[in-house]
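Peer 1: Have a look; sequence and predicted model below, questions after that.
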Amino acid sequence: MNAAATGRDILIHRDKDELAQATAARLLTRLADAQAAHGTASAVLTGGRNGNALLAAVAASGDRDRIDWSRLDLWWGDERFLPENDPERNHTQAREALLDAVPLDPARIHVMPPSDGPYTGDAEAAAEAYATELAAAAGPDATERVPAFDVLLLGIGPDTHVASLFPEHPALRETERTVVGVHGAPKPPPTRLSLTLPAIRAAREVWLLAAGEDKAGAVACALAGSGELQAPAAAVCGSSRTLWLLDEAAASRLPATT
Ligand SMILES: O=C1O[C@H](COP(=O)(O)O)[C@@H](O)[C@H](O)[C@H]1O
């Protein structure tokens, strides 16, 4: 399914700082609304520059305590399969940007396993363990094997990758598993863990973040309706909403009619 099939919204902010601040406000509102509606909220985090800038903007927001942090489940869309606390792990960077500063319930922080510890060097076993944790959270009556996340955040690489789903990579073709080990990734480190397209598409809302001129080609390519194997960013969508959050530089190669 191409994301274009479900419709999408595109919002363009002036620059990366405005993008981060406006998206932080939007995220806090979305999570507060979810908690008001069903008691808890869930978010799937992304790594990368824009994802980390968003988390830092949430940390700096005067509104950050509009949500009950103890009733928020956090998951990750992908992880660099590196030892615990490695500075390049998405989890480490998220902790530095936000997580260490807010009163989260540790039992609700669902970190993808590191490359040391119980799954040493075995990305497939680590992916399976995370899939089991997701299925448990989805519950026995769920139609999907992952929760219906309230919001799932994705950065976009200059090559159009999202999470750790890279163009033409076999992980993109996965239709059964919800989490996979990714081997031979073109961006370091080569071994990663990633949600698959079916798991991403189970989210109620999927938000794609891109800022900067180096993302302009990827954004234009994905929004032009490219095939999902060529442009993974074109393949993602939420069950209720797909929202592209850009700055002017990342949007600079979109046709005026977009
Ligand atoms: O390695 C990764 O990169 C992408 C994009 O990062 P960016 O710095 O180019 O914005 C990110 O979405 C992903 O989570 C991360 O593992």
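Peer 2: Cool, got the structure. Numbers count the residues shown, from 1 in each chain.
Peer 1: Now the stretch 151-258 of the chain against the ligand: closest residue?
Peer 2: Closest residue of the stretch 151-258 of the chain to the ligand, CB to the nearest ligand atom: residue 155 (2.7 Å). The way it works is simple: take the backbone N, C-alpha and C, and place the C-beta from them, glycine included.
Peer 1: go on, the stretch 1-150 of the chain?
Peer 2: At 2.3 Å from the ligand, residue 48 is the closest residue in the stretch 1-150 of the chain, using CB to the nearest ligand atom.
Peer 1: Contacts only, for residue 123.
Peer 2: 81, 115, 181, 182, 183, 191, 192, 193 (CB atoms under 8 Å, 6 or more residues apart in numbering).
Peer 1: how about a markdown table for those, with neighbour count added?
Peer 2: Below are the contacts of residue 123 laid out as a markdown table (neighbours: other CB atoms under 10 Å):
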| residue | neighbour count |
| --- | --- |
| 81 | 28 |
| 115 | 21 |
| 181 | 20 |
| 182 | 26 |
| 183 | 14 |
| 191 | 18 |
| 192 | 28 |
| 193 | 30 |
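Peer 1: From those residues, pick the one nearest residue 27.
Peer 2: The nearest member of these to residue 27, counting by CB to CB, is residue 193 at 23.2 Å.
Peer 1: Mind pulling up the pLDDT for residue 204?
Peer 2: Residue 204 is assigned 96 on the pLDDT scale.
Peer 1: What sits closest to it if chain neighbours are left out?
Peer 2: Counting by CB to CB, 6 or more residues apart in numbering, residue 240 is the residue found nearest to residue 204 once chain neighbours are left out, at 4.7 Å.
Peer 1: For the one you found, grab the count of nearby residues.
Peer 2: For residue 240, the count of nearby residues is 12 (other CB atoms under 10 Å).
Peer 1: next one: residue 26
Peer 2: Per other CB under 10 Å, the neighbour tally for residue 26 reads 16.
Peer 1: which one of the contacts of residue 123 is nearest residue 137?
Peer 2: Residue 137 lies nearest to residue 193 out of the contacts of residue 123, by CB to CB, at 16.6 Å.
Peer 1: wait, what's in contact with the closest one?
Peer 2: Neighbours of residue 193 in contact, by CB under 8 Å, 6+ apart: 78-79, 81, 112-113, 123, 126-127, 130, 164, 179-182.
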